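In: predicted coordinates and the sequence they were generated for:
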Amino acid sequence: MREIRTEVAIAAPLEAVWSVVSDFGAYAEWNPFLPAFEGRPVANTNGRLTAAIPGSKPRTTPVTILEADAPRRLAWRGQLLGSWLFSGTHFLELTPSDGGTRVVNREEFRGLLAPLLLRQLGRGLPAGYEAMNAALKARVERAGRA
């Protein structure tokens, strides 16, 4: 298994952050890394998301929502042909921290093609996670000042 892990501190309560990350239909308004997400934040349902990895062409893929534990954890998985070939499980984990929320934005990659695909995507993938973190922070904190 390979993992990309990023974190961001947001000056807002869990519920405010959750309301943004669980509103898939609004991702196009703020999320440069995942600019489209069709579906509902309900475990064991299916959706589709578009990933815009810096340096690569945007790709749309089907995903399964694995967890939607409001307001603490959201997880989904996408795969290529079968999980044995390639799968990515994305987690958004929210915890209270210093009067705000700490968000861990990470993904676990598995399968025979994982090393090759991750090498091909290079630095673009971590940069995409960091861009998502910065945009999430800006969106939630801006809403808190409105």
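Out: Ah, there it is.

In: so Ala143 sits in a strand?
Out: No: checked against DSSP: H, G, I helix; E, B strand; the rest coil, Ala143 lies outside a strand; its state is helix.

In: so the residue nearest to it when sequence neighbours are not counted: helix, strand or coil?
Out: Closest residue to Ala143 apart from its sequence neighbours, by Cβ to Cβ, 6 or more residues apart in numbering: Ala16 at 6.8 Å. No exception for glycine: its C-beta is placed from N, CA and C like everyone else's. Look at Ala16: counting by three-state DSSP, its state is helix.

In: go on, Gly82?
Out: Gly82 ends up coil, using three-state DSSP.

In: show me where pLDDT drops low in this structure?
Out: For the chain, residues meeting the criterion pLDDT under 70 lie at 121-122, 145-146.

In: mind listing the helices for it?
Out: When assigned using DSSP state H, the helices of the chain occupy the ranges 14-21, 27-30, 114-121, 124-145.

In: mind putting those into a markdown table with mean neighbour count and distance to Gly78?
Out: Converted to a markdown table, those look like this (neighbours: other Cβ atoms under 10 Å; distance: least, Cβ to Cβ, whole Å):
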| stretch | mean neighbour count | distance to Gly78 |
| --- | --- | --- |
| helix 14-21 | 20 | 17 |
| helix 27-30 | 16 | 15 |
| helix 114-121 | 14 | 12 |
| helix 124-145 | 17 | 13 |
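
In: would you list these in a markdown table and tack on distance to Leu92?
Out: Shown next, in a markdown table, are the helices of the chain (distance: least, Cβ to Cβ, whole Å):
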| stretch | distance to Leu92 |
| --- | --- |
| helix 14-21 | 5 |
| helix 27-30 | 12 |
| helix 114-121 | 20 |
| helix 124-145 | 9 |
